[in-house]
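J.: pasted the sequence and its predicted model underneath.
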Amino acid sequence: MIRKEIKQDLEKDEQVEEAVKKLSDERKKLVKPTEHVVNEKTIAELTKQTPQTNAEEATKKKTNLEETPESLQAEESSQTEESLQAEESLQTEESLQAEESLQTEESLQAEESSQTEENLQIVEKNAEAEVQKTPNLFKKLFKGLTKTRDNILNGVENVLKNFQKIDEELFEELEEVLICADFGVDTTLEILDKTRKVVKERKITDPEKLKEVLREIIADILTSNINSPIVVEDKPNIILIVGVNGVGKTTTIGKLSHKFTSEGKNVILAAADTFRAAAIEQLQIWADRAGVSLIKNSEGSDPTSVIYDAISATKARKADILICDTAGRLQNKVNLMKELEKISRVIEREYPEAHKEVLIVLDATTGQNALSQVKLFKEVANVDGIILTKLDGTAKGGAIVGICATMNVPVKYIGVGETIEDLQEFNATEFAKALFTIDEN
């Protein structure tokens, strides 16, 4: 494009030069000598300047023309270099981003792998703890039921070893053994009727196999009642502990508090036994051991006022569980039984949204007398479950089977020792196994 323009300019210069020459020739013919000199001089100057000027311009343009390829080359080179630099920069940036992304991904994978491994280790540890925990609990249960087991198992074995076949005489002797073990008459007859059916269905002829049949039937009776949990998650819970004097209510409350706090629950105790001397002080000792708060009033004060204050504290502190101690009362004390009804009404009125459990504490050493206690307390307090204490000190543990079969009330906990950890959740299968097993392993 530039070359073309220069060429056109050169052609124009030649045309101008020819025109000037023609003009000069014509003026020589027409004008006077003086004018001719002047005009000739002027024309000569013009002629002299024009070619020189044009030549300079041509030279400049030629130089520009010569310089243009170099300029273009330099410009192209500069653009190429910049493009290469930009491309290299882009590639470098992409490479860095890819490397960072890879490192991040590897880091996340390593972290996830580490977390997974840690979680697996935790699960394995928990599983090992459960495996270790179960035998320990059974050993405690086995040891705690020693007297009851000796009473039942020894009696059953003494009967079975005297028989070569299963007949009605054998069942009569088993009946005597179970009644003496405090199963109760009705429950004993029920157990033996079921045993006869199983023997007939399975065509059992060996008397020794009756021990396994008895264990299965007793476990079925103990699990026949609906055993709801004492504590419901995501809801406030109130546990009302009732029972006669001397069965171990206060001690049981202390052990329950320890159990729940070890599970991370926020527990409050209510000292509503304002009747017995030193009952509040005794409960305070257990509260301190378990590290829980105790709501109390003076001795002889109204128990319902203590319950009211305890419910207010439970709401204010957003506690998980409120456990209420009550005065020990005999089933023939009408006024005390009515007082228990009043406490139940206060709980229903002041905290209707709470999950409520009424648990009766029974002394295993009382045997069949415990059955009458459950009957009377159930009439005034709608008993939801049983806590059977002192199983380790009696041979009358069979009473628990009779109570479950007759009263349709599930056993929640059993006490098999004096330490704070010896209150166990009741497991019917393990209990029946401990009654008819010689070896604790």
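T.: Nice, thanks for sending it over. Numbering: from 1, shown residues only.
J.: any idea how far apart the tips of stretch 265-279 sit?
T.: 24 Å (CA to CA, to the nearest Å).
J.: burial of the residue lying closest to Ala381 once chain neighbours are set aside, as a residue count?
T.: Once flanking residues are discounted, Ala381 sits nearest to Val358: 4.9 Å by CB to CB, 6 or more residues apart in numbering. Just so you know, the C-beta spots here come from the backbone N, C-alpha and C atoms, and that holds for glycine as well. Under the neighbour criterion other CB atoms under 10 Å, Val358 is assigned a count of 23.
J.: can you check the one 3 residues further on too?
T.: Here the neighbour count serves as a burial measure; for Val361 (other CB under 10 Å) it reads 24.
J.: show me where this structure has helices.
T.: 2-30, 33-144, 146-160, 168-180, 185-202, 210-223, 249-262, 279-290, 303-317, 334-350, 369-381, 399-407, 428-435 (DSSP state H).
J.: where among those helices is average confidence lowest?
T.: With a mean of 54, helix 33-144 has the lowest mean pLDDT of the helices of the chain.
J.: pretty sure Ala405 sits against Leu189.
T.: No - Ala405 lies out of contact with Leu189 (CB atoms under 8 Å); the separation is 10.4 Å.
J.: out of those two, which sits in the more crowded spot?
T.: Comparing Ala405 with Leu189 by other CB under 10 Å, the one with more neighbours is Ala405, at 20 against 14.
J.: so what's that one closest to, chain neighbours aside?
T.: Using CB to CB, 6+ apart, the nearest residue to Ala405 is Thr187, at 4.5 Å.
J.: contact partners for that neighbour?
T.: If you count contacts by CB atoms under 8 Å, 6 or more residues apart in numbering, Thr187 has them with Leu178, Ile221, Val401, Gly402, Ala405, Thr406.
J.: for those, which single residue is the most surrounded?
T.: Val401 (29 neighbours).
J.: show me this structure divided up by domain.
T.: 2-85, 237-383 (automatic domain parsing).
J.: Val361 is in contact with Gly248, correct?
T.: Yes - between Gly248 and Val361 there is a contact at 6.1 Å, judged by CB under 8 Å.
J.: which neighbours do the two share?
T.: Residues touching both Gly248 and Val361 by CB under 8 Å, 6+ apart: Thr389.
J.: Val199 reaches Ile166, doesn't it?
T.: Yes - between Val199 and Ile166 there is a contact at 5.9 Å, judged by CB under 8 Å.
J.: who touches both of those two?
T.: Shared contacts of Val199 and Ile166, counting by CB under 8 Å, 6+ apart, come down to Leu210.
J.: for the nearest residue in space to Ile280 that is not next to it in sequence, name its beta-bridge partners.
T.: Once flanking residues are discounted, Ile280 sits nearest to Ala271: 4.6 Å by CB to CB, 6+ apart. Going by DSSP bridges, Ala271 is paired in beta bridges with Asp325.
J.: Gly393 versus Ala271, what's the distance?
T.: Here Ala271 is placed at a distance of 27 Å from Gly393 (CB to CB, to the nearest Å).
J.: could you do Leu336 as well?
T.: 27 Å.
J.: please apply the same query to Phe183.
T.: Going from Phe183 to Gly393 by CB to CB gives 19 Å.
J.: my read: Thr406 touches Ser372, true?
T.: No - taking contacts as CB under 8 Å, Thr406 lies outside contact range of Ser372: 10.7 Å.
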